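Trainee: could you look at this predicted model? Sequence included:
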Amino acid sequence: MSNALQAGHKQPNPVAVLSKFMDSLKPQLALALPKHLTADRMARLTLTAFSTTPALQACTHHSIAASIMTASTLGLEPGVNGQGYLIPYGTSCTFVPGWKGLVDIANRSGRCTVWTGAVFEGDTFEYALGDNPFIRHHPGDEDDPSKLTHVYAVGRVKGSEWPVIEVWTIRKVWKHRDKFNKVGKRHYSFGNPEMYARKVPLLQVLKYMPSSIELSSAIAASNAAEEGRTVTVDSNFVVVDNGPPQQGPDEAAQDGTNQATGEVTFMTDEEFKAQREEFKALIESGKRKPNDLIHTIETRTPLTPEQKMEIASWALESTEAA
């Protein structure tokens, strides 16, 4: 009898569970979204990515929510036309802006124009830097990422005489990746080589373009993802997880401690709950900003991405109450 009941017991559908979680998040999403996006659409995009990427199903719902909040604040749609991607690192999900998303954000202001290109074997390609920079690129028929030879980015500030040009050999790109990569083969560049390669010179060009809050936040998100760290962009502040990316269930404990090395011990849920009201009161009273509070707490104990996300959400609650 008990065996029959056990056999008839079904595990909850992960997609259905996340769908319910996203429904509860929609009011907060709506506050962060620009006019051209809706909370319903962002929820659908999240569920699509979740259902088609098995590794995402190992990520915590709070890290997925933080990633969607980041995408929403930047006005980018994950998985749509290369604007950005939900990337799983063990049990943590992070949103990585694609090169198309960065181009879109930079061009929105109307103060500059940026674009990027990839050069493959067989293309005709020449360029010059110096006081008369130019790029001439005539693509051929090749589009195999393994045949990439160069990537480049060009930016032109409105009213300026000369463009800003950055050209990298693909060998230089991979050398750059390997210098900062902290997650080995899990780094998103292995699954999206051209997207990553084109973004590297683009980020260099963007340093010379007119800045905005959205562009600065997108660059921070890209730089964090470069090292496999999680990042939350919420309202007008950015929270970057300073610890290593969370590992899978077999590699790390629930509190973030690496059992093999014992290097990092995050604040436990019990410890956080015991001090939640004290922390929240500091935010709601305006005495502390979320970034400042997180920095102060982490001088004693590192916080998990979920705990940082909750602290960030209190600022929005205070805004709504006002």
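Mentor: Right, received. Where do you want to start?

Trainee: make it CA atoms for all contacts and neighbour counts henceforth
Mentor: OK.

Trainee: so which elements touch the longest helix along the chain?
Mentor: The single longest helix within the chain, with elements called by DSSP state H, is helix 14-32. Here helix 14-32 touches helix 39-52, helix 61-74, going by 3 or more CA pairs under 8 Å, 6 or more residues apart in numbering; DSSP states H and E.

Trainee: those: which one's closest to E271?
Mentor: Closest approach to E271 among the helices and strands packed on helix 14-32 is made by helix 61-74 (18.0 Å; CA to CA).

Trainee: other residues contacting whichever helix or strand comes after that closest one?
Mentor: Note on helix 61-74: by DSSP states H and E, the next helix or strand toward the C-terminus is strand 84-89. By CA atoms under 8 Å, 6 or more residues apart in numbering, the list of residues contacting strand 84-89 from outside reads 49, 55-56, 59, 64, 67, 71, 76-79, 93-101, 186, 188, 228, 245-247.

Trainee: over to stretch 142-155?
Mentor: Residues outside stretch 142-155 that contact it (CA under 8 Å, 6+ apart): 112-123, 163-171, 193-194, 197-198, 201-202, 205-206, 209.

Trainee: same question, stretch 48-62
Mentor: With CA under 8 Å, 6+ apart, stretch 48-62 has contacts from 14-15, 18, 21, 78-79, 86-93, 248, 306, 309.

Trainee: do the same with stretch 65-83
Mentor: Contacts of stretch 65-83 (CA under 8 Å, 6+ apart): 22, 25, 29, 32-34, 37, 42, 45-46, 49, 84-86, 93-95, 97-102, 105, 195, 214, 217-218, 231-235, 306, 309.

Trainee: pLDDT value on the residue found closest to R171 once you drop the neighbours it is linked to in the chain, please?
Mentor: With sequence-adjacent residues excluded and distances taken as CA to CA, 6 or more residues apart in numbering, R171 is closest to T149, at 7.9 Å. As predicted, T149 sits at a pLDDT of 98.

Trainee: what separates the helix or strand encompassing A118 from the chain centre, distance-wise?
Mentor: Taking DSSP H and E as the criterion, A118 maps to strand 112-120. Mean-position distance between strand 112-120 and its chain equals 21 Å (CA atoms, centre = their mean, to the nearest Å).

Trainee: so what secondary structure elements neighbour it?
Mentor: Here strand 112-120 touches helix 99-108, strand 148-157, helix 193-206, going by 3+ CA pairs under 8 Å, 6+ apart.

Trainee: could you dump these to a markdown table with mean neighbour count and distance to D141?
Mentor: Formatted as a markdown table, the helices and strands packed on strand 112-120 follow (neighbours: other CA atoms under 10 Å; distance: least, CA to CA, whole Å):
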| stretch | mean neighbour count | distance to D141 |
| --- | --- | --- |
| helix 99-108 | 21 | 22 |
| strand 148-157 | 21 | 12 |
| helix 193-206 | 22 | 16 |
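
Trainee: quick check: which of the ones you listed is nearest to D131?
Mentor: Proximity to D131 (CA to CA) singles out strand 148-157 among these, at 14.5 Å.

Trainee: where does the stretch 101-250 of the chain dip in pLDDT?
Mentor: Applying pLDDT under 70 to the stretch 101-250 of the chain flags residues 228-250.

Trainee: which residues in the stretch 151-300 of the chain form strands?
Mentor: For the stretch 151-300 of the chain, applying DSSP state E, counting those that start in this stretch gives strands covering 164-169, 231-234, 237-240.

Trainee: returning to what we had before: can you point out the buried residues in the longest helix of the chain?
Mentor: 18-19, 22, 25-26, 29-32 (16 or more other CA atoms under 10 Å).

Trainee: could those residues go into a markdown table alongside pLDDT and distance to A153?
Mentor: Shown next, in a markdown table, are these (pLDDT from 0 to 100; distance: CA to CA, whole Å):
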| residue | pLDDT | distance to A153 |
| --- | --- | --- |
| L18 | 91 | 38 |
| S19 | 91 | 39 |
| M22 | 89 | 37 |
| L25 | 84 | 37 |
| K26 | 87 | 36 |
| L29 | 82 | 32 |
| A30 | 84 | 34 |
| L31 | 80 | 33 |
| A32 | 78 | 30 |
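
Trainee: for the closest residue to I165 other than its chain neighbours, give its distance to W162.
Mentor: Nearest residue to I165, sequence neighbours excluded (CA to CA, 6+ apart): V154, at 4.7 Å. Separation of V154 from W162 (CA to CA, to the nearest Å) stands at 10 Å.

Trainee: E277 now?
Mentor: Counting by CA to CA - E277 and W162 are separated by 55 Å.

Trainee: in terms of neighbours, single out the busier of these two.
Mentor: A direct count of neighbours by other CA atoms under 10 Å for E277 and W162 places W162 higher, at 13 against 10.

Trainee: surely that one and P133 touch.
Mentor: Yes - W162 lies in contact with P133 (CA atoms under 8 Å); the separation is 7.2 Å.

Trainee: show me this protein divided up by domain.
Mentor: As given by automatic domain parsing, the domain ranges for the chain are 2-97, 110-211, 247-321.
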